[in-house]
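# Fold the following for me, if possible:
(chains A and B, ligands or ions: 2)
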Amino acid sequence: MADTKPIVEMKNIEKHFGSVIALAGVSLDIHPGECHCLLGDNGAGKSTFIKALSGVHAPTAGEIFYEGRPMRFANPRDAIDAGIATVYQDLAMIPLMSVARNFFMGNEPTRKVGPFRFFDHEHANRVTMEEMAKMGISLRSPDQAVGTLSGGERQTVAIARAVYFGAKVLILDEPTSALGVRQTSNVLATIDKVRKQGVAVVFITHNVRHALAVGDRFTVLNRGKTLGTARRGEITSEELQDMMAGGQELAELEGSLGGTV
Amino acid sequence: MSDATPLGAGDERIKQRSRLREALIRPELGGIVGTILVFSLFLVFAHDSGMFSPQGVMNWSQVSAQFMIIAVGACLLMIAGEFDLSVGSMIGFAGMMIAIFSVTLGWPMWLAIVVTFALALGIGALNGFIVVRTGLPSFIVTLAALFILRGFTIFLPQTIERKTIIGGLREAAEGDWLAPLFGGKIFAGFFQWLGDIGLIETFSRGNRAGQPVVDGIPMLIVWALALVVFGHVVLTKTRFGNWIFASGGDAQAARYTGVPVNRVKILMFMFTAFVATVFATCQVMEFGSAGADRGLLKEFEAIIAVVIGGALLTGGYGSVIGAALGALIFGVVQQGLFFAGVESSLFRVFLGVILLFAVVLNTYVRRMITGER
Ligand SMILES: Nc1ncnc2c1ncn2[C@@H]1O[C@H](COP(=O)(O)OP(=O)(O)O)[C@@H](O)[C@H]1O
Ligand SMILES: [Mg+2]
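Residues are numbered from 1 along each chain as shown, chains lettered A, B, ... in the order given. Ligands and ions are numbered 1, 2, ... in the order given. Next comes the predicted model:
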């Protein structure tokens, strides 16, 4: 990883919402094939930070370099077209539609018959089954409605979809926060597979254990600021937890609770 | 912790389901069961009423075809997540505009028809535009259109002609090249031959003596079948069809993946207006007149047919074939009760009851698809 060039470099990103300073100069770089975990408590500014990358918010100040060139995305579509895909917690899948229809939503393959273009269901079904099998999910059939999948499987479909359509950077905003243990481990395994394919993954979580399970590097945000980035093995779970809570506060809390946190 | 987790074994949620349940989870189920039930009932209780004679079949086929034409539009729109309550008013309005253009203003019939279609598509687009721009429920926006269009449909002929029915359309359509596309019949020669060889009855007296009692397939039925095939193919076999499902299933998720949700919805409002105008044109050609009260309550009948056909009122799920079967059930029951000599007001009772059944069944199907919701 050290010998690759970063695919994304974000330097001193600031974002103000009126008088609220959501981000006060955060820097981060992401390499292909690594899983970069962005940790932080609720309201720390994690979502705001990645929205600057995914084209949702224009940063108030700071620079973004994508594949070495300065970049500014006007909207999410621009970012997606450039290869930066975001999988959000909730708005990824349509439960009433089949997995294959969801997988190809907005990117439907077509087949020409005479002057007409038809949805190539055969191709869509085959690719969906293949891609899901790669991620370790065996579907009953590609016609299966997404509503019958568990939350973890839905996340996996969304991730597989983003990667299949050429995502070079995959942003996952708290993909595990609403999931049970078993489903969480499925999603973590998916992240691991995607990373091994050379995709740069930004994994947002406030769960240190989830981060340590798959992360290569860890950046902790606290109230719109970062204390820097640590490599896997350089930092312990307790230290990460400490940084998330903002050091002193946790120490104080620990005192009053008698060291049970 | 994660790397060691065996995947591939599938998730606990993927249960084996029985084949029966599997077969149940299709939107057309209600329509198929209902069609079989209705035909069985009438075959048993009304087989000698003339309902299944050539004339009888033509009678309920035509009524069903009328329902089908508007049901296809309502179906695609409902799957895209919207309603159009102005369908009935649009039928009255479009018919009246054709009459005013051709009879009152004396335009050639084809021009009257073309301009009316353009006008209707414009109104459909406006409905859709207001809905996607304001984010208001289409229920309210098209309720407004229901009153506005109906108001004009009464006001215009009263102001211009001092009456609410304009006749003389058949004469105005004489020799026109476009009018037969809506008012004509096909396979006339074939039916004459059937009459000649005695397979269907012929008139024995009057000025139509020797002609078969059924002298061709009305264009109304051709339109209905063509629209059903078109709607079904677009919905299930094209990229645009996927966008229709997606727009109604979850507009936000669809937008996020790049589906042009607003465009899809506006186009579906235009399509609904289009089928209403097809209905109206066929009707004025058949009757030879346009009336200010035409199309009353048609929007609800279309919606009921669509719901019987398995579509969810909340959008994102449904079938054009189902809606067509819903329309067929409608036509057969309405005319069947007439043939069987049952008081016609009971048809409304039947409608209400079957609507309730369909909605409950659909809710159940939806739960099976989405697990819990
Ligand atoms: N669109 C917005 N307008 C105003 N304030 C916002 C907006 N988005 C986020 N914020 C504020 O920015 C801060 C960081 O939020 P967020 O990035 O969502 O945190 P996280 O994802 O780490 O939980 C919060 O104080 C939040 O209230
Ligand atoms: Mg967040």
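
# and the residue of the stretch 201-350 of chain B found nearest ligand 1, how many residues sit next to it?
Of all residues in the stretch 201-350 of chain B, B:Q252 sits closest to ligand 1, at 16.3 Å by C-beta to the nearest ligand atom. (C-beta placed from N, C-alpha, C; glycine too.) Neighbour count for B:Q252, taken as other C-beta atoms under 10 Å in any protein chain shown: 11.

# State the helix or strand in which it lies.
Counting by DSSP states H and E, the element that carries B:Q252 is helix B:251-256.

# so what does that helix touch, helix or strand wise?
Helices and strands in packing contact with helix B:251-256 are listed as helix B:239-249, helix B:261-287; criterion 3 or more C-beta pairs under 8 Å, 6 or more residues apart in numbering or on different chains; DSSP states H and E.

# Going by neighbour count, which residues of the longest one are buried?
The neighbour-count criterion (16 or more other C-beta atoms under 10 Å in any protein chain shown) identifies B:261-262, B:264-287 as the buried residues of helix B:261-287.

# how far does it sit from the chain's center?
Mean-position distance between helix B:261-287 and its chain equals 10 Å (C-alpha atoms, centre = their mean, to the nearest Å).

# Quick one: mean pLDDT for it?
Mean pLDDT, helix B:261-287: 97.

# angle of it against helix B:239-249?
110 degrees (axes from the mean of the first three to the mean of the last three C-alpha atoms, to 10 degrees).

# Next secondary structure after helix B:261-287?
Per DSSP H and E, the first helix or strand lying C-terminal to helix B:261-287 is strand B:290-291.

# Quick one: list the elements packing against whichever strand or helix holds B:L227.
Secondary structure assignment for B:L227, by DSSP H and E: helix B:219-237. Counting contacts by 3+ C-beta pairs under 8 Å, 6+ apart, helix B:219-237 is packed against helix B:54-79, helix B:180-183, strand B:185-186, helix B:239-249, helix B:261-287, helix B:320-339.

# Rebuild these as TSV, extending it with distance to ligand 1.
Output for the helices and strands packed on helix B:219-237, formatted as TSV (distance: least, C-beta to the nearest ligand atom, whole Å):
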stretch	distance to ligand 1
helix B:54-79	33
helix B:180-183	54
strand B:185-186	61
helix B:239-249	26
helix B:261-287	22
helix B:320-339	41
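
# A:A61 is nearest to which of the ones you listed?
Shortest distance between A:A61 and these, using C-beta to C-beta, is found for helix B:261-287: 33.7 Å.

# center of chain A, which residue is that?
Nearest to the mean C-alpha position of chain A, by C-alpha atoms, centre = their mean, lies A:L172 at 1.5 Å.

# That residue in helix, strand or coil?
strand (DSSP: H, G, I helix; E, B strand; the rest coil).

# who's in contact with it?
Contacts for A:L172 (C-beta atoms under 8 Å, 6 or more residues apart in numbering or on different chains) come out as A:86-87, A:155, A:159, A:191, A:201-204.

# List phi and psi for B:A112.
Phi and psi for B:A112, reported as degrees, to the nearest 10, are phi -60, psi -40.

# give the contact list for it.
B:A112 neighbours (C-beta under 8 Å, 6+ apart): B:97-98, B:101-102, B:105, B:172.

# so who does B:G195 touch?
B:G195 touches B:201-202, B:210-213, B:215, counting by C-beta under 8 Å, 6+ apart.

# which residues of the stretch 101-250 of chain B fall in strands?
Taking DSSP state E, counting those that start in this stretch, the strands of the stretch 101-250 of chain B run over residues B:165-166, B:185-186, B:217-218.

# so of the ones you listed, which one's packed in deepest?
strand B:217-218 (a mean of 21; mean count of other C-beta atoms under 10 Å in any protein chain shown).

# Output the below-cut-off pLDDT ranges for the stretch 1-150 of chain A.
Scanning the stretch 1-150 of chain A for pLDDT under 70 picks out A:1-3, A:89-91.

# How about the residues of it by chain B?
With C-beta under 8 Å from any C-beta of the partner chain as the criterion, the stretch 1-150 of chain A meets chain B at residues A:76-77, A:80, A:88, A:91-97, A:101, A:104-108, A:110, A:117-119, A:121, A:133, A:135-140, A:145, A:147-150.

# number of nearby residues for residue 209?
Let's take chain A. Residues near A:R209, counting by other C-beta under 10 Å, number 15.

# Sorry, I should have been clearer: chain B.
Neighbourhood size, B:A209 [other C-beta under 10 Å]: 9.

# For it, give its distance to chain A.
Note on B:A209: its distance to chain A, by C-beta to the nearest C-beta, to the nearest Å, is 47 Å.

# That residue against B:F203, yeah?
Yes - counting by C-beta atoms under 8 Å, B:A209 does reach B:F203; the two are 5.2 Å apart.

# Okay, and A:F49 sits in which element?
If you go by DSSP H and E, A:F49 is part of helix A:46-53.

# List the buried residues in that helix.
A:46-53.

# what ranges do the helices span in the stretch 1-150 of chain B?
Taking DSSP state H, counting those that start in this stretch, the helices of the stretch 1-150 of chain B run over residues B:19-24, B:29-45, B:54-79, B:87-99, B:109-134, B:138-161.

# and the second one, what does it pack onto?
Contacting helix B:29-45 under the criterion 3+ C-beta pairs under 8 Å, 6+ apart are the following elements: helix B:298-308, helix B:320-339, helix B:346-370.

# Around B:F330, count how many other residues there are.
Using other C-beta under 10 Å, B:F330 has 28 neighbouring residues.

# Would you mind measuring from it to B:A340?
16 Å (C-beta to C-beta, to the nearest Å).

# Over to B:T142?
36 Å.

# in chain B, what secondary structure element scores lowest on mean pLDDT?
In chain B, the helix or strand scored least confidently by mean pLDDT, DSSP states H and E is helix B:19-24, which has a mean of 63.

# That concludes my questions; thank you for your assistance.
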